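S.K.: need the 3D shape of this:
(chains A and B)
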Amino acid sequence: MQKLKEEIGQAIAPLVGLESTKVIDLLEIPPDPTYGDLAFPCYNLAKIRKQPPPVIAKDLGSKLAGQEGYYWEKAVPKGPYINFHINPRTYGRELIRQVWEEEQDYGKTNLGNGDNVTIDYSSPNIAKPFGVGHIRSTVIGHSLYLLYKALGYNSIGINHLGDWGTQFGKLIVAFKRWGEESRLEEDPVDYLYQLYVQFHHQAEEDPSLDDEARSWFQRLENGDETAVSYWKRFRQLSLETYASIYGLLGIQFEYYHGESHYNQMLDRVINIVKEKGIANESEGALMIDLEPYGLPPVMLRKKDGATLYITRDLAAAIYRYETFNFARSLYVVGAEQTLHFQQLFKVLELLGFEWVSNCVHVPFGMIRFKEGRMSTRAGKIILLEEVLQRAVEMAREIIEQKNPDLEDKEGAAKAVGLGAVRFGDLSNDRVKNIEFDWEKVLDFSGETAAYIQYAHARICSIIRKAGSDFLTWDDDVVSRLEKEEEITLVKTLALLPEKVIDSAESYRPSVLARYLIDVAREFNRFYHNCPVLGSEPEIKHCRLLLINSTRQVIANGLGLLGITAPEEM
RNA sequence: GCGCCUGUAGCUCAGGGGAUAGAGCAGCGGACUUCUAAUCCGUUAGUCGCAGGUUCGAAUCCUGCCAGGCGUACCA
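M.R.: Reported below is the predicted structural model:
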């Protein structure tokens, strides 16, 4: 809690000759709560004072002896640290009060000041099925979208659909050769995908297919009527299919600006590049040499005149800056495209766009099979829809078995099943590859979303049984926290705002996800040691207010991960 | 070849200069006439890939090596 830190900062600052903000930066949470709740390390002072850290800590301890603050009650030196112990009554009361008053806003800040942040995420390739691989960008991006909103930014979600490029040439060739209207109507994405796979099989035997595809893409770029009508059709049918998945996941985008959206701007981009004199013709193609920066060259236009995706990405970046004047521009795109973004940002820098320093590639590892990577072309892929359906189905079975009388079984099964899939993706560090494992996806015990949701449902159940008149504010009653489990829980709840900030600024929803596991764990410990309904009225009231703030923290936190917290499960 | 990322307990992973390296899963042993046992408590388990270096202090920073992943001019 920030106020506690400020208070300690002001207590120590005059004693050590540092700015109190500097002192606050140095404060850390001790590894063992019996040491204290917030520690000031004396290593930095050792050099200045030419004394060993423990001596300094002792000295500070004697100066602070007998003192206390509003939120802390004593300061005790231990080794090289001086440890502050909170006053559980005031600290607990004020924290619970804050959550009580802020409700769904607890955890939010206004660091962003309403500035725009564009977030390019999900961005599936038209005519390819929505595989589990795509869930990562979708889920991580959506969480960042919500996190930046919580920091007071104006998040702008952009679905940069892969709706342009050579793959459309391939699809057109495949559909013209082998396509059947009726099957396209039936299940467009699945059928287009089959055609795509078939194309790659055949092209291995007959490389001339690739040339044919390139030429069809060229025709598309030139506005050829036949090519364009195929393209429109494929695009529209795919979008309709995606809509159902986004609907299920509760995701909306401000803009569906796919790659094709930038077609009219490509000439301008190429002109800007030419004017800057950083491009050159090579073997008929338009290139930018990045050798001086240790990067491979960039190709803006192929020898057949067709553009490449980096050309469209350049246009997109410029468009986004000109349209949104973003404070930050995030690209939630797989780590395999790291080089692409290094090149993209370098070119923007060479073009003199200073705002490129606010562009960030947020990379993530891939989802792989034990045997190797997934491959759309080879047809080795697991559909996201299937994963989501099976997870919900599994949740439904467990509910049937554990809580057969539950009223809204379907709602709970959806929350738990979808939450499990999302959480599995968000709880580990983005950059690591994930090995796809059905058993793990369908396991709802341990460090999972269900664990957190279960804590939430338990709280709701207690509150329901207590009756609403117990949920009234009372200063005296709320000061009665004393059991270790209560105090640990309060201290954990106090961390939400800083976890939200850390999560957003490091672009790692996993920080928040792991924190929520901690909250649920501390609640469960409390639950098993501190009866609520069976306690005497004041304690009962106090604990109800405590668990009510816990409920709020969990709901707010899961919400920022895009996961819902059912009241019963 | 070169570049980027990863390497921590049997497995999956936290921790990313500071106090004794932590969780979950799996295993073993306990706790439901008591607020939902999708829970809790206890227990077993580690040359933090290897070797040097910087520092009062390194799992954490630097260098080299090893292993795996990804990328590396007409795909995205």
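
S.K.: pull up the gap between the residue of the stretch 101-250 of chain A found nearest RNA strand B and residue A:355, please.
M.R.: Per Cβ to the nearest atom of the strand, residue A:165 is where the stretch 101-250 of chain A lies closest to RNA strand B, at 2.9 Å. For every residue, glycine as well, the C-beta is placed using N, CA and C. Distance, residue A:165 to residue A:355, by Cβ to Cβ, to the nearest Å: 26 Å.

S.K.: these two: which has the busier surroundings?
M.R.: Just comparing residue A:165 and residue A:355: by other Cβ atoms under 10 Å the higher neighbour count belongs to residue A:165, 20 against 17.

S.K.: how many neighbours does the residue lying closest to the more buried one once chain neighbours are set aside have?
M.R.: In this structure, residue A:165 finds its nearest non-sequential neighbour in residue A:309, 6.1 Å apart by Cβ to Cβ, 6 or more residues apart in numbering. For residue A:309, the neighbour count with other Cβ under 10 Å is 16.

S.K.: and what of residue A:166?
M.R.: So residue A:166, with other Cβ under 10 Å, has 18 neighbours.

S.K.: correct me if wrong: it contacts residue A:213.
M.R.: Yes: between residue A:166 and residue A:213 there is a contact at 6.3 Å, judged by Cβ atoms under 8 Å.

S.K.: report the rounded mean pLDDT for the helix or strand containing residue A:135.
M.R.: Per DSSP states H and E: residue A:135 is located in helix A:133-150. Average pLDDT, helix A:133-150: 95.

S.K.: alpha carbons only: can I get it in PDB?
M.R.: Output of helix A:133-150 as PDB, limited to C-alpha atoms (Å, rounded to 0.1, in the frame of the first residue of the first chain):
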ATOM      1  CA  GLY A 133      -1.500 -21.100 -31.700                       C
ATOM      2  CA  HIS A 134      -3.600 -18.000 -32.300                       C
ATOM      3  CA  ILE A 135      -5.000 -18.000 -28.800                       C
ATOM      4  CA  ARG A 136      -1.800 -16.600 -27.400                       C
ATOM      5  CA  SER A 137      -1.900 -13.300 -29.300                       C
ATOM      6  CA  THR A 138      -5.700 -13.100 -28.700                       C
ATOM      7  CA  VAL A 139      -5.600 -13.700 -25.000                       C
ATOM      8  CA  ILE A 140      -2.400 -11.900 -24.100                       C
ATOM      9  CA  GLY A 141      -3.400  -9.000 -26.300                       C
ATOM     10  CA  HIS A 142      -6.800  -8.800 -24.800                       C
ATOM     11  CA  SER A 143      -5.500  -8.800 -21.300                       C
ATOM     12  CA  LEU A 144      -3.000  -6.000 -22.200                       C
ATOM     13  CA  TYR A 145      -5.900  -4.100 -23.700                       C
ATOM     14  CA  LEU A 146      -7.800  -4.300 -20.400                       C
ATOM     15  CA  LEU A 147      -4.600  -3.700 -18.300                       C
ATOM     16  CA  TYR A 148      -3.800  -0.500 -20.100                       C
ATOM     17  CA  LYS A 149      -7.400   0.600 -19.700                       C
ATOM     18  CA  ALA A 150      -7.000   0.100 -16.000                       C
END
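
S.K.: just checking, which helix or strand succeeds it along the chain?
M.R.: Next element after helix A:133-150 (DSSP H and E): strand A:154-158.

S.K.: check whether that next one contacts RNA strand B.
M.R.: No: against RNA strand B, strand A:154-158 shows no contacts by Cβ under 7 Å from any atom of the strand, the least distance being 14.3 Å.

S.K.: how many neighbours does the closest residue to residue A:18 other than its chain neighbours have?
M.R.: Leaving aside its sequence neighbours, residue A:18 sits nearest to residue A:12 (Cβ to Cβ, 6+ apart; 7.7 Å). Neighbourhood size, residue A:12 [other Cβ under 10 Å]: 23.

S.K.: OK, contacts around residue A:12?
M.R.: By Cβ atoms under 8 Å, 6 or more residues apart in numbering, the contact list for residue A:12 reads A:18, A:20, A:23, A:40, A:60, A:82.

S.K.: please flag which of those residues sit within strands.
M.R.: A:40, A:82 (DSSP state E).

S.K.: any chance of a markdown table for the contacts of residue A:12, columns neighbour count?
M.R.: Shown next, in a markdown table, are the contacts of residue A:12 (neighbours: other Cβ atoms under 10 Å):
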| residue | neighbour count |
| --- | --- |
| A:18 | 19 |
| A:20 | 18 |
| A:23 | 20 |
| A:40 | 29 |
| A:60 | 21 |
| A:82 | 28 |
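
S.K.: wait, which of the contacts of residue A:12 is closest to residue A:396?
M.R.: residue A:40 (51.7 Å; Cβ to Cβ).

S.K.: so what sits opposite that closest one in the bridge?
M.R.: Following DSSP bridges, residue A:40 is listed with bridge partners residue A:82.

S.K.: next, residue A:383: phi, psi?
M.R.: phi -80, psi 140 (degrees, to the nearest 10).

S.K.: the nearest residue to it once chain neighbours are set aside and residue A:274, how far apart?
M.R.: Once flanking residues are discounted, residue A:383 sits nearest to residue A:129: 5.6 Å by Cβ to Cβ, 6+ apart. Counting by Cβ to Cβ, the separation of residue A:129 from residue A:274 is 39 Å.

S.K.: between those two, which one's more packed in?
M.R.: Between residue A:129 and residue A:274, counted using other Cβ under 10 Å, the more crowded position is residue A:129 (23 against 13).

S.K.: so the more buried one touches residue A:189, yeah?
M.R.: Yes: under the criterion of Cβ under 8 Å, residue A:129 makes contact with residue A:189 at 5.7 Å.

S.K.: up against RNA strand B, what does the stretch 1-150 of chain A have?
M.R.: Close to RNA strand B, as judged by Cβ under 7 Å from any atom of the strand, the stretch 1-150 of chain A has residues A:28, A:30-32, A:35-36, A:39, A:41, A:43-44, A:46, A:78-81, A:83, A:125.

S.K.: take those residues and keep only those in strands.
M.R.: A:39, A:41, A:78, A:81, A:83.

S.K.: for the helix or strand containing residue A:542, buried residues please.
M.R.: Following DSSP H and E, one finds residue A:542 within helix A:537-560. Neighbour counts over helix A:537-560 (16 or more other Cβ atoms under 10 Å) mark A:539-560 as buried.

S.K.: just checking, what packs against that helix?
M.R.: Identification of packing neighbours for helix A:537-560 by 3 or more Cβ pairs under 8 Å, 6 or more residues apart in numbering; DSSP states H and E yields helix A:88-102, helix A:133-150, helix A:449-466, helix A:475-478, helix A:484-493, helix A:496-505, helix A:509-529.

S.K.: these: lowest mean pLDDT?
M.R.: Among the helices and strands packed on helix A:537-560, helix A:475-478 carries the lowest mean pLDDT (a mean of 88).

S.K.: how many residues are close by residue A:422?
M.R.: Residue A:422 has 26 neighbours, counted by other Cβ under 10 Å.
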